[in-house]
Every structure is written in C-alpha cells, then in structure tokens.
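Q: sequence unknown, structure follows:
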C-alpha cells in the first residue's frame, strides 16, 4: 500500500516510521466534498478527524445569531476534528469546503 502524500506531510504523524504510516493509511477513508459543503458543524457530535488531501477548507465559528467568523484556512496535510475523535465532545467550529476538495477521514470505528 502506498501512503498518501497528505498523511506523510501531516504534522500529527511527522514522527511516525514508514511502517506506522502504512498502518495509519490503512485506517483512513478518502472522502470528497463540493464547494460550500459543511464537513463539520459547530455543536454537532463527531467521532472522526480529517486530513486535508487536496483543496482548502475554512474553519469558522458562530458569532451572534446569523454570522460566522473565519478562524483559519487549512490545506494539504492540515488536520481538523481530532478533539472530537479523542474526547467525544461536540465540534467546536464549522469546517466548510472552499472548493471541491478531498480529505482523509479517520473515524471512531477504526480505533479498535
């Protein structure tokens, strides 16, 4: 199995050996999203984390009743959602596809 470049470039996995990266690649699923798709919604419960493969996402947070503030823009090799994977808490922000993108998802079902 070839380890996807996004996983190799991910800071979260930067200290892993090639063998460990191979195992990590075996427990992720590639997902595609279209422009303006919400990948994570603030307040929703989540059991997965994501690694951006191609494209960019905006991380936003609700401000008031009808507005969102841009917190960060993430691209190739960046991660998001890892807190919910490990602690089972609600998502702390929205993550929205800027254009058509691909990500690798690691979900709770893969932790066993």
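A: Sure, I can see it. The model shown is predicted, which means the values in this text are computed figures rather than measured ones.

Q: By mean pLDDT, point me to the weakest helix or strand of this structure.
A: In the chain, the helix or strand scored least confidently by mean pLDDT, DSSP states H and E is helix 82-87, which has a mean of 77.

Q: Can you name every helix or strand that the next helix or strand along the chain from it contacts?
A: Next along the chain after helix 82-87, taking DSSP states H and E as the criterion, comes strand 94-97. When contacts are defined as 3 or more C-beta pairs under 8 Å, 6 or more residues apart in numbering; DSSP states H and E, strand 94-97 packs onto strand 38-40, strand 57-63. (C-beta placed from N, C-alpha, C; glycine too.)

Q: List the buried residues of the longest one.
A: Put plainly, it is strand 57-63. 57, 58, 59, 60 (16 or more other C-beta atoms under 10 Å).

Q: Distance of the most centrally placed residue in the chain relative to residue 64?
A: For the chain, the residue lying nearest the average C-alpha position, counting by C-alpha atoms, centre = their mean, turns out to be residue 50 (2.1 Å). Taking C-beta to C-beta, to the nearest Å as the measure, residue 50 falls 27 Å from residue 64.

Q: what's the answer for residue 105, then?
A: 31 Å.

Q: Neighbour count: the two, which is higher?
A: When neighbours are counted by other C-beta atoms under 10 Å, residue 105 comes out ahead of the other of residue 105 and residue 64, with 17 against 7.

Q: which secondary structure elements does the one helix or strand the more buried one maps to contact?
A: Applying DSSP H and E as the criterion places residue 105 in strand 101-107. Using 3+ C-beta pairs under 8 Å, 6+ apart, the elements in contact with strand 101-107 are strand 29-33, strand 48-54.

Q: highest average neighbour count across the ones you listed?
A: Across those, the average number of neighbours (mean count of other C-beta atoms under 10 Å) peaks for strand 48-54, which reaches a mean of 22.

Q: Sheet-wise, list the partners of that strand with their directions.
A: Using DSSP bridges, strand 48-54 pairs in its sheet with strand 79-80 (antiparallel), strand 101-107 (antiparallel).
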